[in-house]
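>>> For reference, the sequence and a predicted model appear below.
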Amino acid sequence: MSALLRGYCYLFNLALCLAALALGLVAYLSGVHNLNLGMLPWTGKNLTNYLIWLGLLGLMCVAGAFTGKVRFLLPLWCFAILCLFGWGFYLGSYSFPGREEFDQSLWFTGAALVSFLASLTLFKSGRRHHR
């Protein structure tokens, strides 16, 4: 079961980081820094730069955990993402255009919560205990 949870965690964060990196790179390469992600605290060129750097940092955390080199970084990353979603969607100044967007944010934040909880399985011992 913990292997399945870890797989989910890897895939969720991989998709999230690749999406952030792709958005940031498209904005950077086009030279037009007009992304509008109201749940994030940045705007303009800062948002573009943060998306690129956060995407790269997240990919390094996922790769480090997957290879077993620096497993402790992935739970920290997942917690930071969960906090960013919580603050951005619910505690910040973000307002939802409608009920559907609010429901989507709940699903997305729930997925981030499950990812964080799944990342904690990285702290389990790799040895199996036989009874």
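Good, I have the coordinates. Residues are numbered from 1 along each chain as shown.
>>> Could you use CA atoms for every contact and neighbour count after this?
OK.
>>> And the helices in this structure?
Using DSSP state H, the helices assigned to the chain run over residues 2-30, 44-67, 73-86, 99-119.
>>> how about TSV for those, with distance to residue 36, mean pLDDT and mean neighbour count added?
Below are these laid out as TSV (distance: least, C-alpha to C-alpha, whole Å; pLDDT from 0 to 100; neighbours: other C-alpha atoms under 10 Å):
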stretch	distance to residue 36	mean pLDDT	mean neighbour count
helix 2-30	11	97	17
helix 44-67	8	97	19
helix 73-86	15	97	20
helix 99-119	15	97	17
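>>> how much space between residue 122 and residue 113?
15 Å (C-alpha to C-alpha, to the nearest Å).
>>> meant to ask about residue 71
Residue 71 is 18 Å from residue 113, by C-alpha to C-alpha.
>>> which ones are touching the residue nearest to residue 85 when sequence neighbours are not counted?
Of all residues not flanking residue 85 in the chain, residue 109 sits nearest, at 6.2 Å (C-alpha to C-alpha, 6 or more residues apart in numbering). For residue 109, the contacting residues are 82, 85, 86, by C-alpha atoms under 8 Å, 6 or more residues apart in numbering.
>>> right, and the second one touches residue 41 too?
Just to be clear, that refers to residue 85. No. At 10.7 Å, residue 85 does not count as touching residue 41 under the criterion of C-alpha atoms under 8 Å.
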